[in-house]
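J.: Below are the sequence and a predicted model; questions follow.
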Amino acid sequence: MTHDITPDIEKIQLYLTEPHPCSYLEDRKATTAFVDPKFNVNGDIYNHLSLLGFRRSGEYVYTPRCSTCKLCIPVRIPAAKFKPSRQQRRSMKKNADLVVNSTTSVDLAEHYNVYQKYIDTRHRDGDMYPASLSQFQAFIGAAWECTRYLEFRLDGQLICCAVVDWLSSGLSAIYTYFDPDFAGRSLGIYAITKQIELTHHYDLDYVYLGYWIRDSDKMNYKSDFHPLQLYIDNRWLEIG
C-alpha cells in the first residue's frame with residue numbers, strides 16, 4: 001500500500017524530560033521528547049509520527065532524544081516479506097490450540113491478574129516493578145480510538161494479551177503481557193507473529209515493534225524477526 005497523505009505536523013510542540021536513568025542500559029541517562037499532550041493527535045498524525053519513529057505509551061507519544069546516545073533504534077517488520085524462523089514456527093505450532101479475539105475493552109480484574117503476575121515475575125528488575133492497578137490503568141487501560149486488545153485464550157482462560165494500535169500503515173505493538181505459568185509456549189513471540197498475520201490479512205504494511213537496542217538482552221527477540229527495518233538517519237533501512 002502507499003500512503004500519500006502527509007499531515008501538517010509542524011505545529012506539534014515537543015517537550016523534553018529531564019535526564020533520567022535509562023531503563024535498558026546501566027549507568028546511562030535518558031532524555032525523552034514527547035508530543036504536547038494537549039495537541040490533538042488524530043489518526044493521520046499518529047500514523048505519520050510512527051513513520052518517523054515515534055511510539056505511544058499510555059496517553060503520550062514520544063521518542064528518545066538522548067544527547068550522547070543513539071542506541072535506541074525504531075524497528076518494524078514488513079509483513080508481506082516476513083519469513084518465520086524455526087523458533088517462530090515452533091511457537092506458532094505450540095499455540096495453534098489458542099483462541100484469539102480482538103476487542104476494544106477488557107475485563108479489568110481478569111487482565112490485571114495476568115499483567116500483575118507477568119510484571120512481578122518477569123520484570124522484577126525493571127522500573128514497572130512492582131505492578132499496581134493505577135499503573136495498569138494508565139499504561140494498558142489508556143486506550144485510544146485505534147487501540148485493540150488481542151486476547152489469547154486456552155479453554156476460555158486468558159493467558160496472554162497484546163495491546164495493539166491499528167494505523168493506516170500497519171499495527172503498532174504497544175505491549176504484550178502473559179501468564180508466566182505458560183512461559184514454555186513462547187507467547188511473546190507468538191503474539192508478534194499473530195500481529196504480522198493480521199497486518200498481512202488486512203493489506204497493511206508493517207508491524208512497528210518500538211525501539212531496539214543492540215546491547216540490551218531484553219531487546220534480542222526483535223532482531224530475530226526477518227526481514228527487519230531500522231529507522232536510521234531519518235530513513236528506513238532493511239536488514240535480513
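T.: Structure received.
J.: ok, and the closest non-adjacent residue to Leu167?
T.: Asn47 (4.4 Å; CB to CB, 6 or more residues apart in numbering). Using the backbone N, CA and C atoms, a C-beta is placed for each residue, glycine as well.
J.: what's downstream of the helix or strand hosting the one you found, the next helix or strand?
T.: Taking DSSP states H and E as the criterion, Asn47 maps to helix 43-51. The first helix or strand that comes after helix 43-51 along the chain, using DSSP H and E, is strand 55-57.
J.: list the helices and strands that following strand packs on?
T.: Other helices and strands packing on strand 55-57, by 3 or more CB pairs under 8 Å, 6 or more residues apart in numbering; DSSP states H and E, are strand 60-64, strand 170-178, strand 206-212.
J.: just those strands: most buried one?
T.: Highest mean neighbour count of the helices and strands packed on strand 55-57: strand 170-178, a mean of 24 (counted as mean count of other CB atoms under 10 Å).
J.: and the angle for it with strand 206-212?
T.: Strand 170-178 runs at 60 degrees relative to strand 206-212, counting by axes from the mean of the first three to the mean of the last three CA atoms, to 10 degrees.
J.: And the average pLDDT for the next helix or strand along the chain from strand 170-178 is what?
T.: Sequence order places helix 187-201 as the next helix or strand after strand 170-178, per DSSP H and E. The average pLDDT for helix 187-201 rounds to 97.
J.: how far out from the middle of the chain is helix 187-201?
T.: Here helix 187-201 is found 12 Å from its chain centre; the criterion is CA atoms, centre = their mean, to the nearest Å.
J.: same question, stretch 226-240
T.: 17 Å.
J.: Mind listing what's buried along that stretch?
T.: Under the neighbour-count criterion of 16 or more other CB atoms under 10 Å, stretch 226-240 has 226, 228-231 buried.
J.: so how far is Arg65 from Glu18?
T.: According to CB to CB, to the nearest Å, Glu18 stands 12 Å off from Arg65.
J.: Revised request: answer the last question for Ser132.
T.: Taking CB to CB as the measure, Ser132 falls 28 Å from Arg65.
J.: Likewise for Asp127?
T.: In terms of CB to CB, Asp127 sits 18 Å off from Arg65.
J.: Mind listing the strands the one helix or strand in the chain whose mean pLDDT sits lowest pairs with, and their directions?
T.: Counting by mean pLDDT, DSSP states H and E, the weakest-scoring helix or strand in the chain turns out to be strand 20-21, with a mean of 91. In its sheet, strand 20-21 lies beside strand 29-30 (antiparallel), with partners assigned from DSSP bridges.
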